[in-house]
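**Q** Build me a model:
(chains A and B)
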Amino acid sequence: MAALIALPPLLPKYHLEVLISVVFWAYLGIAWNLLGGYAGQFSFGHAAFFGIGAYTSTLLLLQAGLTPWVGMFVGGGLAATFGLFEGYLSFRYGLKGPYFSLVTLAFAEMLRVVSLNTKAVGSSLGLVVPSATAAPAMFMFSGKLPFYYVILAMGALALGLTWRIGRARLGFSLAAVRENEDAAEAAGVDALAAKLRAMALSSFLTALGGTFYAQYFAYIDPTITFGPSVSIGALLPAIVGGAGTVLGPVLGSFVLTPLSELTRYALRGRAGADIMLYGAVLVLVISFLPQGLVGFVRARRGGAR
Amino acid sequence: MTWGLLLQAVVSGLLLGGVYGLVASGLSLIFGVLRIINFAHGAVMMIGMYATYWLFTLARVDPYLSILVTAPCFFVLGVAIQKIVIEPNRAAAEHNQLLLTLGLALFLENLALVLWQGDFRTVKVAYSSASFVVGDALVEVPRLVASGGAGLVAAGLFAFLRLTDVGKALRALAEEPEGAALVGINVPRIRAAAFGMGSACVAVAGALITPFFYVAPDVGESFNIMAFVVVVLGGMGNFVGALAGGFIVGLAESLGAAFLPGSFKQLVVFVIFVLVLLFRPQGLFGGSRVR
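**A** Below you'll find the predicted structure:
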């Protein structure tokens, strides 16, 4: 952790960019993990929340001049509301496993289609976020370093939150629901309430990541923000690192993101090589390390889970 | 709104629906027997379309004729995927199997992108733009052939499931996996056959549409999502339901395209999807068995 705080100012620009990317995907993985790992509800559509966050704060900035520091929480609130709506509908009607995954995917795709066809949000042209001037109060910085510390702080807070939840009543309820929902209900756990809380927290955090993305890259469009690549990017680090563990998504991103950067670098001009590698890694991890890297390390140590 | 427009939308919808039905039949067969929602189904279709494209471009093989080559090849590919990737993870949690097919889809799609780049390719055959007029509606011949061909293949598959021993074993496995094992059915082998046949179906569907559809690495994605919708609509694992669902979705999409602006037509399909998932997850016609 100390190295993560102290070293970056010394890094060359490219390495800093990779590090930002590592922490950013770790952050999204942490957010996804609350729902997918802890509650065991596999969302394939976290892009919905990511996009709501990115679009809300950006539109508030462009239309009303509201600083994204505030806009991100408006977006987070909206995304959590949407998440609760999505979750309530699905859980209420007993959708589980792959059916839940499909519903989340469908909702994200719907938002993508709507934003693609709505002129007021820039349709397929997307939105350009002003970034020419440095204005820290408006979430605009010159250079990458401040962005790094912002996403690092967000990641640390989200990690702390996950850690706390794992040790709180909610964490135990979620674990019970994940392992056996009927038994959990019989033991007096309100499964619906527990899953909805996980949904709200997870979607809220994911939306904040959307605002970060918009400010950092200064451009968003429907395919980037609502498309499947964000949904997959959010679940991959958690799955590869170890779903339902605190450090899983972090470990996952520290392995996956540099790997994809290296592939992209090694196979310049070959678009898709990095995602192809992700696909292969996903298949290999599920086949050989079904508990993820964290599970593998634990098994190696021979410790109890 | 004019009758001509409506008629045209209905005709296009029905023609597209047959193809959706065949894609979804393959998916439904795999789901019915393996209980896996195969995210790689669209990617297999895309590879099938490339196979058709290359056979035509390099060897001048007619797309329809190429089915004689691609169907068996994709049966073998499907069997290999099942035996090598999925079967060893049989015991894994349900969501892990879902992720396995997702990983496979990412791999195949981007393999195509690496090998053949993202540009749209088309197969231009003599009959690509042949058409005739019925009433006020234009009927494009390749679309008619695709829909009719898809219907034929699906009917053949249906007969196969009813009349042959392997077909009966497939249905037995879908209905009662443990019972099927008890009466001596070679379960892993039948599972491989299901994946192989599902993949062959979707490859045939891919070949049938190449005369009028572009070929690109992400072409399978939209068909994949559409097939999910169709399969859920028809009832997971319900074979006839998948065909009927194909026509419903095809109609919904083309009517949406005719009367809604932009690409809002896709929204119609997703709304149907979510409503069915929520209110009738067993599908309109009941599901969970290969009938």
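**Q** C-alpha from now on. contacts and neighbour counts both.
**A** Will do.
**Q** Can you tell me which helices and strands the helix or strand hosting B:Val44 packs against?
**A** Counting by DSSP states H and E, the element that carries B:Val44 is helix B:41-59. Counting contacts by 3 or more C-alpha pairs under 8 Å, 6 or more residues apart in numbering or on different chains; DSSP states H and E, helix B:41-59 is packed against helix B:63-80, helix B:94-116, helix B:187-209, helix B:219-234.
**Q** Mind telling me which of the ones you listed the model trusts least?
**A** Note on these: lowest mean pLDDT is at helix B:219-234, with a mean of 86.
**Q** And the next helix or strand past that helix?
**A** helix B:239-259.
**Q** What residues of the helix holding B:Val44 count as buried?
**A** B:41-53, B:55-56 (16 or more other C-alpha atoms under 10 Å in any protein chain shown).
**Q** Would you mind writing the CA trace of it as PDB?
**A** Output in PDB follows, covering the C-alpha atoms of helix B:41-59 (Å, rounded to 0.1, in the frame of the first residue of the first chain):
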ATOM      1  CA  HIS B  41     -23.500 -19.800 -29.400                       C
ATOM      2  CA  GLY B  42     -23.300 -16.500 -31.400                       C
ATOM      3  CA  ALA B  43     -19.600 -16.800 -31.700                       C
ATOM      4  CA  VAL B  44     -19.900 -20.300 -33.100                       C
ATOM      5  CA  MET B  45     -22.400 -18.800 -35.600                       C
ATOM      6  CA  MET B  46     -19.900 -16.100 -36.500                       C
ATOM      7  CA  ILE B  47     -17.100 -18.700 -37.200                       C
ATOM      8  CA  GLY B  48     -19.600 -20.600 -39.300                       C
ATOM      9  CA  MET B  49     -20.300 -17.400 -41.300                       C
ATOM     10  CA  TYR B  50     -16.500 -16.900 -41.900                       C
ATOM     11  CA  ALA B  51     -16.200 -20.500 -42.900                       C
ATOM     12  CA  THR B  52     -18.900 -19.900 -45.500                       C
ATOM     13  CA  TYR B  53     -17.300 -16.700 -46.600                       C
ATOM     14  CA  TRP B  54     -13.900 -18.200 -47.100                       C
ATOM     15  CA  LEU B  55     -15.200 -21.300 -48.900                       C
ATOM     16  CA  PHE B  56     -16.900 -18.900 -51.300                       C
ATOM     17  CA  THR B  57     -14.100 -16.400 -51.600                       C
ATOM     18  CA  LEU B  58     -11.200 -18.900 -51.900                       C
ATOM     19  CA  ALA B  59     -12.800 -21.900 -53.500                       C
END
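**Q** Just want the angle from it to helix B:63-80.
**A** Between helix B:41-59 and helix B:63-80, the angle comes out at 130 degrees (axes from the mean of the first three to the mean of the last three C-alpha atoms, to 10 degrees).
**Q** I'd like the mean pLDDT over helix B:41-59, please.
**A** 95.
**Q** cool, and stretch A:204-216?
**A** 97.
**Q** mind checking pLDDT for residue 162?
**A** Picked chain A for this. 95.
**Q** try chain B instead
**A** Value listed for B:Arg162 in the pLDDT field: 90.
**Q** Then B:Ser263?
**A** So B:Ser263 comes in at 73 (pLDDT).
**Q** ditto for B:Ser288
**A** For B:Ser288, pLDDT reads 49.
**Q** How about the contacts made by residue 198?
**A** Using chain A here. A:34-35, A:39 (C-alpha atoms under 8 Å, 6 or more residues apart in numbering or on different chains).
**Q** if you could check chain B rather than the one you did, that'd help
**A** Contacts of B:Gly198 (C-alpha under 8 Å, 6+ apart): B:25-30, B:75, B:78.
**Q** Next: B:Gln82.
**A** So B:Gln82 contacts B:191-192, B:195-196 (C-alpha under 8 Å, 6+ apart).
**Q** Does it fall in a helix, a strand, or a coil region?
**A** helix (DSSP: H, G, I helix; E, B strand; the rest coil).
**Q** and the stretch 1-150 of chain B, which residues reach chain A?
**A** Neighbours of chain A within the stretch 1-150 of chain B, by C-alpha under 8 Å from any C-alpha of the partner chain: B:37, B:85, B:88-89, B:92, B:94-96, B:98-111, B:113-114, B:117.
**Q** Can you select the buried ones from those in ChimeraX?
**A** In ChimeraX syntax, the buried subset of the residues of the stretch 1-150 of chain B next to chain A is picked out as below (16+ other C-alpha under 10 Å):
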select /B:37,85,89,94,95,96,98,99,100,101,102,103,104,105,106,107,108,109,110,111,113,114,117
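**Q** What is the neighbour count of residue 252?
**A** I'll assume chain A. Other residues near A:Gly252 come to 26 when the count uses other C-alpha atoms under 10 Å in any protein chain shown.
**Q** Sorry, I should have been clearer: chain B.
**A** Neighbours around B:Ala252, by other C-alpha under 10 Å: 22.
**Q** That one against B:Leu267, yeah?
**A** No: if you go by C-alpha atoms under 8 Å, B:Ala252 and B:Leu267 don't touch, sitting 10.0 Å apart.
**Q** Up against chain B, what does chain A have?
**A** A:42, A:89-90, A:93, A:95, A:97-99, A:103, A:106-107, A:109-110, A:113-114, A:116-117, A:270-273, A:275-283, A:286-287, A:290.
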